[in-house]
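**Student:** Sequence and predicted model, in that order:
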Amino acid sequence: MADLLASPETFSSYMQRDLDRATATLCLQGASALVRNYCRWSISQATETFVVDGSGTELLSLPTLKLNTVTLTVDGTLLDADTYQVASRGQIRRLDGIWPCGLDNVSADTDHGYTIIPDDITLVVCSLASRYYSNPDSLRSKASGDDSRVFGAIVIASDFSELALQLLAPYRLN
């Protein structure tokens, strides 16, 4: 599934057991959305048009950290690819002047994001999804007959652990 940052099969391997596919998918959707919201961009490969404000400088930034291809128009005029330089982290330098100031005056048709999701993102998504799968009510503890379980305080305190924040830091837009 294109909207998931980890597959149900990968999640099942992470959990080391067979899972209810519908519940696993729902947990992965939620975990993927949390990671995307935290990182502030789609992460997975997408074809998308960004409409941004001209900066009045020679540098323009698009909301991505993995720019694969881009075609630019300014005020409706298609730019020649020789007039700008593209950095894979979403910055575009104008070589023949500056980006004219304006609101929504630069349109960027892009292909961006990862075709294969980096392992550290997959790990964070599976970790989050496992907490939702194992403890959907965010309980601190649960007892049933002779069986009792205590869940970690991190489930209550935050969606992201310190390790998850460190792993996601290189993928987060400022």
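**Tutor:** It's in.

**Student:** Sketch out the helices for this structure, chain order is fine.
**Tutor:** With DSSP state H applied, the chain shows helices at 8-15, 21-39, 119-134, 154-157, 162-168, listed in chain order.

**Student:** Comparing the ones you listed, which yields the minimum mean pLDDT?
**Tutor:** Per-segment mean pLDDT for these reaches its minimum on helix 154-157, at a mean of 42.

**Student:** Domain-wise, how is this structure divided?
**Tutor:** 8-42+118-171, 46-112 (automatic domain parsing).

**Student:** quick one: the residue lying closest to T23 once chain neighbours are set aside and L26, what's the gap?
**Tutor:** Excluding its sequence neighbours, the residue lying closest to T23 (CB to CB, 6 or more residues apart in numbering) is Y133, at 6.4 Å. (Each C-beta comes from the backbone N, C-alpha and C, glycine too.) Separation of Y133 from L26 (CB to CB, to the nearest Å): 9 Å.

**Student:** coming back round to it: export the helices of the chain as JSON lines, with columns for distance to D75.
**Tutor:** Output for these, formatted as JSON lines (distance: least, CB to CB, whole Å):
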{"stretch": "helix 8-15", "distance to D75": "45"}
{"stretch": "helix 21-39", "distance to D75": "31"}
{"stretch": "helix 119-134", "distance to D75": "37"}
{"stretch": "helix 154-157", "distance to D75": "49"}
{"stretch": "helix 162-168", "distance to D75": "36"}
